[in-house]
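S.K.: Need a 3D model of the sequence below.
(one chain, ligands or ions: 3)
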Amino acid sequence: MQTVQTVETLRSQVKTFKQAGKSIAFVPTMGNLHTGHLELVKVAKTKADVVIASIFVNPMQFGANEDLDSYPRTLEEDSQALAELGVNLLFTPTPEIMYPKGLAVQTFVEVPNVSALYCGQSRPVHFRGVTTIVNKLFNLVQPDVACFGEKDFQQLSLIKTMVEDLSLPIEIIGVPTKRESSGLAKSSRNGYLTEVQKQQATVLYQSLTLAKAEVDQGNLNFAALKAQIQQKIETAGLVVDYVEFADAKSLQPATEDSESVVLLLAAYLGKTRLIDNQVLFTKKP
Ligand SMILES: Nc1ncnc2c1ncn2[C@@H]1O[C@H](COP(=O)(O)OP(=O)(O)OP(=O)(O)O)[C@@H](O)[C@H]1O
Ligand SMILES: CC(C)(CO)[C@@H](O)C(=O)[O-]
Ligand code: BAL
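M.R.: Ligands and ions are numbered 1, 2, ... in the order given. Sure, this is the predicted structure:
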């Protein structure tokens, strides 16, 4: 695996792949890789001739009081894991390379309606930072296919919208959430948790499972389910950020007419903010 850090070397490698007629699958990450990320790479390998991954802790998607500085950076282990999986090229830019004029740029890519909902309520600048950096990375890597985790459901939905609205010739693939045996979704931020907190955090998956079982039995009273789940999460010692039922396509709040519904959750455990989700049905029952 070749590792490149500058825009020029990345562009030159991409050009070489393109000239050789190779299709490109892209896996953007912020590093500190776990088996969830590796699933993305495995899927990417089945979709194109070469796989390009990136590791970049993107300052533009962090709010002022968030964990940009403490976000885990483990480049050496990450590179080894990606090389072992057969990634062809790893791009590891610095903030100065991605934002030579600093973060106060003139041009952003934004999907405003959905960005303001759910995670956007407590992280107001987050999704604008995500869609802007993903667009920049897409421009550099020029992938045919790009893989994103369903764990970040709102992010995945925004990126699909961005690609459609901007006519980008890229197929976006959603990869199912990889979990611990306890059900806890794999996340770099799980590293902030103690063993006791990891146990407490399993209430998120249990809540999703409960909601799925209720809906499968015909209970579509989302308001009552929301109250029940909020209470369940708070009883386990977490502070709920949001519990929302959304239309899985538009991501607007679910209505009786929604053909597909996803339950989206976010909660704080101490200072750590965790998210999870579960599609409850994809065709109205
Ligand atoms: N458990 C998981 N299963 C599948 N994909 C995942 C999982 N966790 C993260 N991903 C995906 O990996 C990509 C990179 O995510 P990122 O580097 O932010 O990791 P993360 O574990 O989600 O970190 P964070 O703790 O910041 O949320 C994203 O597309 C994300 O959705
Ligand atoms: C897509 C992404 C790499 C953009 O920085 C990030 O939001 C992530 O890791 O999910
Ligand atoms: N996985 C989403 C990246 C973030 O929380 O900043």
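
S.K.: C-alpha from now on. contacts and neighbour counts both.
M.R.: OK.

S.K.: Would you mind naming what in the stretch 51-200 of the chain lies close to ligand 1?
M.R.: For the stretch 51-200 of the chain, the contact set with ligand 1 under CA under 6 Å from any ligand atom comprises 148-152, 175-179, 185-189.

S.K.: just the buried members of these?
M.R.: With burial judged by 16 or more other CA atoms under 10 Å, the buried subset of these is 148-152, 175, 177-178, 185-188.

S.K.: would you turn these into CSV with distance to Lys226 and secondary structure?
M.R.: Converted to CSV, these look like this (distance: CA to CA, whole Å; DSSP: H, G, I helix; E, B strand; the rest coil):
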residue, distance to Lys226, secondary structure
Phe148, 27, strand
Gly149, 24, strand
Glu150, 21, coil
Lys151, 20, coil
Asp152, 20, coil
Val175, 26, strand
Thr177, 22, coil
Lys178, 24, coil
Ala185, 20, strand
Lys186, 24, coil
Ser187, 24, coil
Ser188, 27, helix
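
S.K.: partners of Phe91 in the sheet?
M.R.: Val4, Ser54 (DSSP bridges).

S.K.: hang on, it packs against Leu10?
M.R.: Yes. At 7.0 Å, Phe91 counts as touching Leu10 under the criterion of CA atoms under 8 Å.

S.K.: what about Arg128, distance to Phe108?
M.R.: Distance of Arg128 to Phe108, given as CA to CA, to the nearest Å: 7 Å.

S.K.: Between these two, which is the more surrounded one?
M.R.: Arg128 (21 against 15; other CA atoms under 10 Å).

S.K.: Leaving out sequence neighbours, find the closest residue to that one.
M.R.: Excluding the flanking residues, the one nearest Arg128 by CA to CA, 6 or more residues apart in numbering is Glu110, at 5.1 Å.
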